[in-house]
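In: Take a look and give me a structure for this.
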Amino acid sequence: MVALTSLSPSPPFPSPSPATPRHRPPQPPLHTHTTSPCALICRAGPVAPATTGADDYHSTIRSLNSRGRHVPRKSLGQNYMLNSKVNEELVAAAGVEEADVVLEIGPGTGSLTAALLEAGATVFAVEKDKHMAALVKDRFGPTEQLKIIEEDITKFNIRSHFLPFMKENNHGTEKHAKVVANLPFNVSTDVVKLLLPMGDVFSFVVLMLQHETAQRLADASIQTPEYRPINVFVNFYSEPEYKFRVERENFFPRPKVDGAVISFKLKNAGEYPPVDSHKSFFSMVNSAFNGKRKMLRKSLQHLCSSAEIESALHNIGLPVTARPSDLMLDDFVRLHNYLAKV
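Out: This is a model prediction of the structure:
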């Protein structure tokens, strides 16, 4: 990681050696940045005033230095996008168009914000870091098209902000807002759990996540080591789709992993699987996976007797020796509803 001081011909740290290439299986299309950010640091001289609105390495450094010596905070997972084309494709993946309302989480230097505004959206940008919030305010100035909210997204009351705004601006229509965000990798799962049950507010949630996380959330294949309760959760509330991969060289500082864009088409309440209690349903699913290698007749014994669980599995057409990795969403729904009657 480099220090974010003003650039000079002799940078404080040398460029790290490139990692040894490793063989990889075929992967989805990825986006590359033609020049390594570290190489740019080593070659850069004094930075001239910006002449375009492009977001690249130099404009990112200028933005950060405009607020003083602001170093990206590892604790907040701050890795800024250097490739404006990736931002444009992220916006396109969400189908953002004129008059859309968008929630952006962690706008950073405002590179994705710029692409959203250019598409004609009204943006609610929620930023936990007060320094970055001030930077985005300075960058775009006073405008009704952008609202900066200094808040932790996990503590932000989304419905109280969005529902009145959407009702007022849609003149009674049923149009929903969207979420488009380049998320810090260390909070991605928490944010997914927060947003997906909000089909009454959002139609699409499109996120930049860690590549492996995006793959795991988009793929609900049973009987795999990656199959977990989060897969049941994601498919309960949404229809996920892996979009494209983004190489780590597109971020500053460069993370140790690649990113990827995933889209969630949110379901409305009438499309959720029919269970009487979401809390009870997910409690059963989590309990089942607490003993992932155990048979369900063992891991769910705190709910019913082994004999009752075996009977339930048999009556819904599953082996009495079934394990949680054998059940898809519909199977868990049928099992929950059968056990609720016992």
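In: For the rest of this, base every contact and every neighbour count on C-alpha atoms.
Out: OK.
In: tell me the mean pLDDT for the one helix or strand Arg216 maps to?
Out: For Arg216, the host element (DSSP states H and E) is helix 211-218. Across helix 211-218, pLDDT averages out at 94.
In: Would you mark the buried spots in that helix?
Out: 211, 213-218 (16 or more other CA atoms under 10 Å).
In: just those now: which is nearest Val285?
Out: Nearest to Val285 among the buried residues of helix 211-218: Leu217, at 16.2 Å, using CA to CA.
In: Run a quick check on Ala177 versus Val205, I expect a contact.
Out: No - using CA atoms under 8 Å, Ala177 is not in contact with Val205, being 9.2 Å away.
In: what about the helices in the stretch 51-200 of the chain?
Out: In the stretch 51-200 of the chain, the helices defined using DSSP state H, counting those that start in this stretch lie at 57-65, 84-93, 111-118, 130-140, 158-170, 188-195.
In: re the thing from before, and the buried residues of helix 211-218, which is closest to Glu249?
Out: Scanning the buried residues of helix 211-218 for proximity to Glu249, where the rule is CA to CA, the winner is His211, at 13.3 Å.
In: check contacts around Ser311.
Out: Ser311 sits next to Val320 when contact means CA atoms under 8 Å, 6 or more residues apart in numbering.
In: Poorly predicted segments of the stretch 151-300 of the chain, please.
Out: Flagging of the stretch 151-300 of the chain using pLDDT under 70 yields the residue ranges 171-173.
In: right, and the helix or strand after the helix holding Arg216?
Out: In N-to-C order, the element after helix 211-218 by DSSP H and E is helix 229-237.
In: Contacts for that following helix next, please.
Out: With CA under 8 Å, 6+ apart as the test, helix 229-237 has contacts from 193, 196-197, 199, 216-220, 240, 266-268, 272-273, 282, 285-286, 289, 328-329.
In: now do stretch 112-123
Out: By CA under 8 Å, 6+ apart, stretch 112-123 touches 84, 87-88, 91, 96-104, 107, 125, 144-147, 181-182.
In: now those: which count as buried?
Out: Taking 16+ other CA under 10 Å as the criterion, what is buried in the contacts of stretch 112-123 is 84, 87-88, 91, 96-97, 100-104, 107, 125, 146, 181-182.
In: Tell me which residues touch the spatially most central residue of the chain, please.
Out: Of all residues in the chain, the one closest to the mean position by CA atoms, centre = their mean is Leu207, 3.7 Å from it. Shown in contact with Leu207 (CA under 8 Å, 6+ apart): 90, 179-183, 261-263.
In: The same query, at a cut-off of 6 Å, please.
Out: With contacts defined as CA atoms under 6 Å, 6 or more residues apart in numbering, Leu207 is in contact with 180-182, 261-262.
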